[in-house]
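> Just the structure for this:
(chains A and B)
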Amino acid sequence: GNSVTQMEGPVTLSEEAFLTINCTYTATGYPSLFWYVQYPGEGLQLLLKATKADDKGSNKGFEATYRKETTSFHLEKGSVQVSDSAVYFCALSGGGGSNYKLTFGKGTLLTVNP
Amino acid sequence: DAGVIQSPRHEVTEMGQEVTLRCKPISGHNSLFWYRQTMMRGLELLIYFNNNVPIDDSGMPEDRFSAKMPNASFSTLKIQPSEPRDSAVYFCASSLSGESSYNEQFFGPGTRLTVL
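The predicted structure follows:
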């Protein structure tokens, strides 16, 4: 079945540092890929998505590129802010599984210090 | 526009008691999802409704869990009897049609359940 593996946290960075959170997936076919963000005390929000190979999703300075050859969807941001402190989830849907069903990674806690 | 509304936000109960969690999806959305989040297992889909009909309940842990969606604007998740291992954050999410692989799911703020 489908699965998502993302780097273990927690990740602690200083403001304006470069961020990478690795995500790899296992799926048959061509899944859609997502990054969700969960701020403290809130539900998950969609951060960005990519629906086919080589697509780049971007939002709020975050980017991720759908790499079919490496089955990866790494999240990057060039300069993080304190307000980016949150838990980040990589997820997929489709790709041999149900189209409605999101399969999530375990989440990576990011803390950005001033 | 109001997002997905869940109540209560926090629930503390004793083992053996009945617990009912409530969700109001975004108006116009026709798909509704219940998730459970724990440290050990992460985020798990419990049940998925489309047009008020349960489509996939394979994630419901056992018969103690039940979910209903009597109309397009309301759903409940009930645990009876509750056990300490049910302690988790329960999220409700909704989307416009669950058939497409990339329809965004909008999550509520969650209900933090503690069973003593």
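> quick one: contacts for the residue nearest the centre of chain B?
Note on chain B: the residue nearest the mean C-alpha position is residue B:34, at 2.8 Å, using Cα atoms, centre = their mean. Residues near residue B:34 by Cβ atoms under 8 Å, 6 or more residues apart in numbering or on different chains: B:23, B:45, B:46, B:47, B:67, B:75, B:77, B:90, B:91, B:92. For the C-beta atoms, the positions are set from N, CA and C on the backbone; glycine is no exception.
> which stretches of the chain have low pLDDT?
Picking chain A for this. A:95-97 (pLDDT under 70).
> Oops, wrong one, chain B.
Those would be B:1, B:98-102, if you go by pLDDT under 70 across chain B.
> mind listing the helices for chain B?
With DSSP state H, there are no helices along chain B.
> Can you pull up the residues of it that come close to chain A?
By the rule Cβ under 8 Å from any Cβ of the partner chain, the part of chain B lying against chain A is B:4, B:31, B:33, B:42-43, B:45, B:48, B:50, B:55-56, B:91, B:93, B:95, B:98-105, B:107-110.
> are any of the residues you listed buried, and which?
Burial by neighbour count, 16 or more other Cβ atoms under 10 Å in any protein chain shown: within those this picks out B:4, B:31, B:33, B:42-43, B:45, B:48, B:50, B:56, B:91, B:93, B:95, B:98, B:100-101, B:103, B:105, B:107-110.
> Now the residue nearest to the centre of chain B. Nearest residue, chain neighbours left out?
With sequence-adjacent residues excluded and distances taken as Cβ to Cβ, 6 or more residues apart in numbering or on different chains, residue B:34 is closest to residue B:46, at 4.4 Å.
> And what about residue A:83, helix, strand or coil?
helix (DSSP: H, G, I helix; E, B strand; the rest coil).
> what's the helix or strand for the nearest residue to it once chain neighbours are set aside?
Among residues not flanking residue A:83 along the chain, residue A:112 sits closest, at 7.8 Å (Cβ to Cβ, 6+ apart). Using DSSP states H and E, residue A:112 falls within strand A:108-113.
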